[in-house]
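Engineer: can you look at this prediction? I've put the sequence above it.
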Amino acid sequence: MKLNELRDNPGATKKSKRIGRGPGSGKGKMGGRGIKGQKSRSGVAISAYEGGQMPLYQRLPKRGFNKPNRKAFAVVNLGLIEKFVEAGKLDAKAEITEDALVTSGLVRRKLDGIRVLAKGDVTSKLNISVTGASKAAVAAVEKAGGSLKTAQPAAAE
């Protein structure tokens with residue numbers, strides 16, 4: 001079989017109905033749009049309009065609040081840090097800072113700081129210094145014989 005011999009299966013494609021092409025087509029003159037009115041014109045989109053009734057999106061209650069000055073942290077898991085140490089992209093003997101995490105490619109950008117979470121295993125002795133960490137992450141690093149210093153106290157997970 002050659003590329004020029006490729007065909008769709010019979011019945012897989014259907015020709016679209018050409019509207020407004022004379023009375024013999026069955027969709028002539030007004031093209032199935034009825035007579036006059038807003039919806040018969042082109043370029044009209046009446047999405048979510050319910051004929052004067054209060055639309056659904058306005059009937060539903062609005063909940064919640066988005067803090068305008070909230071902090072966004074870049075999140076790193078301990079398993080990934082361990083993986084980068086084994087690959088030689090991070091030096092386990094030196095202190096692992098936020099800048100080191102960015103230069104190694106583990107984190108794209110710092111945002112408001114980097115937060116370490118406890119997913120994954122830590123075997124090597126690491127000395128990490130970041131903005132924040134979960135209690136479980138601090139415990140896991142200290143269990144492996146390392147230390148995890150944070151700029152803010154460890155928050156609950």
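Structural biologist: Nice, I can see it.

Engineer: contacts only, for Gly113.
Structural biologist: Listed by Cβ atoms under 8 Å, 6 or more residues apart in numbering, the contact set of Gly113 reads Lys71, Phe73, Ala74, Glu98, Val130, Thr131, Gly132, Ala151. Bear in mind the C-beta positions are built from the backbone N, C-alpha and C, glycine included.

Engineer: pLDDT at the closest residue to the fifth one other than its chain neighbours, what is it?
Structural biologist: So that's Val130. In space, and not counting its chain neighbours, Val130 is closest to Ile114: 4.7 Å by Cβ to Cβ, 6 or more residues apart in numbering. Looking at Ile114, its pLDDT stands at 91.

Engineer: check the one 3 residues further on too.
Structural biologist: Each residue has a pLDDT score; the one for Leu117 is 92.

Engineer: tell me how far it lies from Ile35.
Structural biologist: Distance of Leu117 to Ile35, computed by Cβ to Cβ, to the nearest Å: 64 Å.

Engineer: those two: who's more crowded?
Structural biologist: Neighbours per residue (other Cβ atoms under 10 Å) separate Leu117 from Ile35, with Leu117 holding more: 19 against 7.

Engineer: residues contacting the closest residue to Thr97 other than its chain neighbours?
Structural biologist: Closest residue to Thr97 apart from its sequence neighbours, by Cβ to Cβ, 6+ apart: Ser129 at 5.2 Å. Contacts for Ser129 (Cβ under 8 Å, 6+ apart) come out as Glu95, Ile96, Thr97, Glu98, Leu148, Lys149, Thr150.

Engineer: show me which of these are buried.
Structural biologist: Neighbour-count burial (16 or more other Cβ atoms under 10 Å) is assigned, among the contacts of Ser129, to Ile96, Glu98, Leu148, Thr150.

Engineer: skip the chain neighbours and tell me the closest residue to the third one.
Structural biologist: With Cβ to Cβ, 6+ apart as the measure, Val141 is the residue that lies nearest to Leu148, at 4.3 Å, once sequence neighbours are left out.

Engineer: for that neighbour, helix, strand, or coil?
Structural biologist: The three-state label given to Val141 by DSSP: H, G, I helix; E, B strand; the rest coil is helix.
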